[in-house]
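1. Here is the input, now give the coordinates:
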Amino acid sequence: MARETLPVALKLMFGSEGGYSNSKSDSGGPTKFGITHKTLAAHRGLASVTAAQVKALTLQEATEIYERSYWSQSGGDLLPVGLDYAAFDFGVNSHPTTAVRKLQKVLGIRQDGHAGEITARAAQTYPGGVQKLIRDFCDERMVYLRSLGGPQGFGPNGRGWTIRVTGNDPKKEWKDQPGVVGNAIRIAGGARQSPLVQAAAPVPVSAPPEAQAKADVKSTGLLEIVKKPEAWGPLGGLMSAGAALTAGSGPVQWAFAAAMVAAVAVGIWYFVHRVREGK
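-> Down below sits the predicted model:
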């Protein structure tokens, strides 16, 4: 449906992703054109590749990888024009499954991470139209990015991610620009214009290097996780078990309370693991 967007999306992608990088704040490790060493190794059918091999990646091979491993998986051939680009950029930055799940969350449908006909129909009938959906989707993307903690999360990378998505620098040192949201709206608007009307052309994003850092769900901060209502039950159980352990008056009571603490702790660990796996 929206295959005509792909060349524009790739041009914008290479503008925002830049060249080779290998920053400690980037969970992707050695990366070029937004392609991580793990993605490159998988594309080539290898167990791993070296940083030098990543650095030697050509634009042609990067284009092949994006078409094969990101565009369709992010819903590129099904979603409305403009939204397809927004989902593609999100997918490159955070994995296609994450991008599709967040889109499905905005659409109010089952979040299975697979862009199919149900997702496409929900997007096409979204109240307010595709441009409002693009804005709401990019807002949800920023909520997700802000939830990522640790040395590879929003702290060190948030400014770059914000400029990339919104086009606005929180520190006001970079000039305002369309960003992903503005470019997606421009693409969507251009698709509706008659051939006689000149639509606003997309503008490649200019941003600090940290804008290229991969936004990994495994970096979700513990503070954000414990805010989820699903965590309150296990945390309450842990406090109850701790109280029982403190109040125990004999070996049997202490052993029982300790077992409760261990069981609840395991439950919390599995919950945190599930959240960070995006399940």
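2. Pull the number of nearby residues for residue 7.
-> Neighbour count for residue 7, taken as other Cβ atoms under 10 Å: 10. Using the backbone N, CA and C atoms, a C-beta is placed for each residue, glycine as well.
3. How about residue 27?
-> As a burial measure, residue 27 scores 21 neighbours (other Cβ under 10 Å).
4. Now do the same contact list for it.
-> Residues near residue 27 by Cβ atoms under 8 Å, 6 or more residues apart in numbering: 152, 213, 214, 215, 216, 218, 219.
5. now residue 187
-> Taking Cβ under 8 Å, 6+ apart as the test, what residue 187 contacts is 5, 8, 81, 82, 85, 202.
6. Widest-spaced pair of those?
-> Every pair in the contacts of residue 187 was compared (Cβ to Cβ); the two farthest apart turn out to be 81 and 202, at 11.8 Å.
7. Of those two, which one has the most company?
-> residue 202 (23 against 20).
8. Domain map for the chain?
-> What the record gives for the chain is the domain set 3-216, 224-276, from automatic domain parsing.
9. Confidence-wise, which of those domains is weakest overall?
-> Ranked on mean pLDDT, the bottom entry among the domains of the chain is domain 224-276, at a mean of 56.
10. Buried ones in stretch 142-158, by neighbour count?
-> Judged by neighbour count using 16 or more other Cβ atoms under 10 Å, the buried positions of stretch 142-158 are 142, 144-145, 147-150, 152-154, 156-158.
11. Out of those residues, which is nearest to residue 77?
-> residue 144 (23.6 Å).
12. Now do the same contact list for the nearest residue to that closest one once chain neighbours are set aside.
-> Of all residues not flanking residue 144 in the chain, residue 102 sits nearest, at 5.8 Å (Cβ to Cβ, 6 or more residues apart in numbering). Residue 102 sits next to 90, 137, 140, 141, 144 when contact means Cβ under 8 Å, 6+ apart.
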